[in-house]
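Novice: Based on what follows, work out the 3D shape:
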Amino acid sequence: MFARYEDDTGESVVVRAARPEDYDAVAAFTEDTWSDRGGSDYIPDIYHDWIAEDDGETRQTFVVDLGSETPSAELGAIVQVVTLSPYEAWGQGLRVNPDYRGRGLAKAITRASFAFARDAGATVLRNMIFSWNVKSLGLARDTGYRPGIEFRWVNPVPDADATPESDAASLPAVFADDADPDAAWAFWSESDTRAELRGLTLDAEESWALSTLTRERLHDAADEGRLLVVGSGPTRGFAVRNRTYERESDEGDEETWAEYAVAAWAWRDEAAAEALLTAVARDAAGVDADRTRVLIPEGVQWVTDAARAKADIAEQPTFVMEADLT
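Specialist: Got it, this is the predicted structure:
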C-alpha cells in the first residue's frame, strides 16, 4: 500500500502500486474512454509495459483500490508518474472508473502522485491534456494543477525531394550533417519560441511527455545526425528529431512516425519556417518515416507560418498543466 485517503463520501480508499493481475479490471474501465470520439484508449495496450518498467523510485503506476480487502479487483482509478530529470516529473494516463465518479478518487490518486514525485526529488509535476477535453482540464485545476503552456502539432509529409515553394535563393540554408549544436543552443536561449514554451520540448526518453531542453541534448542530437540548424551568421532556427516509432494506422497498417522534439524559428521569419519544415520533410523521408509529428508553440504567428509552409496542422492545440511541488 502506498497511502490511504478519505474520499468525498467519507469512505477510506487505498492508493497502491498497480500489479499485472489488475489488468482485466483496468481494461474494463478504460477501454471505452474515447468511444464518443471514435477512438480507443491506449491504457490496455501499454499497461503491461508500464508495470514491467515500474521501479518504485523513478516511475510508478498507481491504482485506487476500493475493495474491503487490499489488494482487490475493485479499482476506481489509475495513473502513472515518471521522473524525467532530477527536478521534473510527468503524470500520465489518469482515468477514473465511471462507476465511481463523484467520489473524489482523482483527488486521492493525484495526492499520491504528488507525494511520489516529491519523494523522487521533483519540484514540478506536469501532464498533457488535449484542449477539447474540458472535463479533464477542470479536473486538473481542481486537483492542484495550474496552467502551463500550450503547443500545436504540425505534420510535414515526409518527402526526400521536398523543396520550398518560395524562391530557394531567398531562403536560408539548413545544415544537417554539420549542424552546430552550440549555435542552436544560443538561438534557443534568446528565442521567442523558448519563451512561449518556457523551455519545454518533447522529452528524449518518455513518449508523449515534455521536459526542459538542455544543451547536452542538442549535442547528442548533432552527434547522431538528428539536428537541423537553419542559417549561419545569424542562426535562424533549428529542429531536433527525437526518435522514430511504429504505430498502427486507422486502416490497420503499420506506419513509421518520425517525432521532432521541437521546431523553432525566429519570430516573424517565414523564410526560416519554410526552410526548416521543408528540411524536416526531407529528414523524415531519410529515416523511412511515413508520417511526422513536430511540436511548435501555439499562437497565430507560429501556426500560420507552418500553414504558409504547407505543413499539415492539428485542428486544436494541446495544453500542458503543472503542479508546484515545493
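Novice: report the longest helix in this structure, please.
Specialist: helix 270-286 (DSSP state H).
Novice: May I have the predicted confidence score for Ser35?
Specialist: With respect to pLDDT, Ser35 scores 56.
Novice: swap that for Gly38, please
Specialist: Value for Gly38, per-residue pLDDT: 53.
Novice: same thing with the one 4 residues further on?
Specialist: As predicted, Tyr42 sits at a pLDDT of 89.
Novice: Look up how far Asp178 lies from the spatially closest residue to it that is not a sequence neighbour.
Specialist: Leaving aside its chain neighbours, Tyr42 sits nearest to Gly93 (7.8 Å; criterion: C-beta to C-beta, 6 or more residues apart in numbering). All C-beta atoms are positioned from the backbone trio N, CA, C, and that covers glycine. Plainly put, Gly93 is 40 Å away from Asp178 if you go by C-beta to C-beta, to the nearest Å.
Novice: Relative to the host helix or strand of the residue nearest to Tyr42, what are the paired strands and their orientations?
Specialist: Applying DSSP states H and E as the criterion places Gly93 in strand 88-96. With DSSP bridges as the test, strand 88-96 is paired with strand 75-83 (antiparallel), strand 124-130 (parallel).
Novice: For the longest one, C-alpha coordinates in CSV please.
Specialist: When you say that, I think you mean strand 75-83. Below are the C-alpha coordinates for strand 75-83, written out as CSV (Å, rounded to 0.1, in the frame of the first residue of the first chain):
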residue,chain,number,x,y,z
LEU,A,75,-10.5,-0.5,-8.8
GLY,A,76,-11.6,3.1,-9.1
ALA,A,77,-8.8,5.0,-10.9
ILE,A,78,-5.3,4.7,-12.4
VAL,A,79,-2.4,7.0,-13.1
GLN,A,80,1.4,6.7,-13.8
VAL,A,81,4.1,9.0,-12.5
VAL,A,82,7.5,9.2,-14.2
THR,A,83,10.6,11.3,-13.4
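Novice: so how far is it from its chain's centroid?
Specialist: How far strand 75-83 lies from its chain's middle: 16 Å, per C-alpha atoms, centre = their mean, to the nearest Å.
Novice: mean confidence for that strand?
Specialist: pLDDT averaged over strand 75-83 gives 97.
Novice: Can you name the residues that contact Val154?
Specialist: Val154 is in contact with Ala263, Leu277, Arg293, Val294, Ile296, Ala306, Ala311, Asp312, Ile313, Ala314, counting by C-beta atoms under 8 Å, 6 or more residues apart in numbering.
Novice: Great, nothing more from me.
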